[in-house]
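Colleague: Show me the folded form of this:
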Amino acid sequence: MNSQMIRIPRIVKLLKRWHKWRNVCASPLHSPLCIENDVVDSTRRRNDLINARRVDFFMFKVDRIISELKENQKLAVYVVYGQKTLKGLADASAQLDVSRITLIRRLCKADRAIEEALNELSARGER
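Modeller: Numbering: from 1, shown residues only. All right, here's what the predicted structure looks like:
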């Protein structure tokens with residue numbers, strides 16, 4: 001198997017975390033904090049983020065990165081990780097009407113794109 005067909009373990013783990021985060025955020029009890037309201041600076045009042053204690057702003061960034069992937073990569077990620085339950089590769093490839101190898105290739109490319117975007121965030125000093 002060539003290096004282009006190998007998943008990045010830390011990104012796979014991150015996508016599983018994103019899956020859990022998406023399902024918690026789908027709960028009607030989640031914080032009403034606006035998704036775009038993820039910056040803390042000196043213009044904030046003391047209680048502006050009072051409900052944000054459990055908000056995982058990093059996951060908001062991961063969600064944005066995933067939404068900006070190429071369409072076929074984004075679909076692969078959403079079909080496998082973006083639903084209420086994690087979907088196996090056989091079921092996901094059937095849903096997308098592609099071969100399992102094609103699905104794996106798309107996920108591998110998505111892994112690399114996500115890792116690159118995270119590295120860019122890190123280089124800019126963002127977590």
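Colleague: When you work out contacts or count neighbours from here on, use the C-alpha atoms and nothing else.
Modeller: Will do.
Colleague: Run through the strands of the protein in chain order.
Modeller: Under the criterion DSSP state E, the chain contains no strands.
Colleague: for it, what are the low-confidence residue spans?
Modeller: For the chain, the stretches with pLDDT under 70 are 1-3, 25-55, 127.
Colleague: Just give me the longest helix of it.
Modeller: Taking DSSP state H as the criterion, the chain has its longest helix at helix 100-123.
Colleague: Show me which positions of it end up buried.
Modeller: By 16 or more other C-alpha atoms under 10 Å, the buried positions in helix 100-123 come out as 100, 103-115, 117-118.
Colleague: ok, now stretch 62-74?
Modeller: For stretch 62-74, burial by neighbour count (16+ other C-alpha under 10 Å) applies to V62, D63, I65, I66, L69, Q73, K74.
Colleague: contacting residues around L15?
Modeller: Contact partners of L15, counting by C-alpha atoms under 8 Å, 6 or more residues apart in numbering, are Y81.
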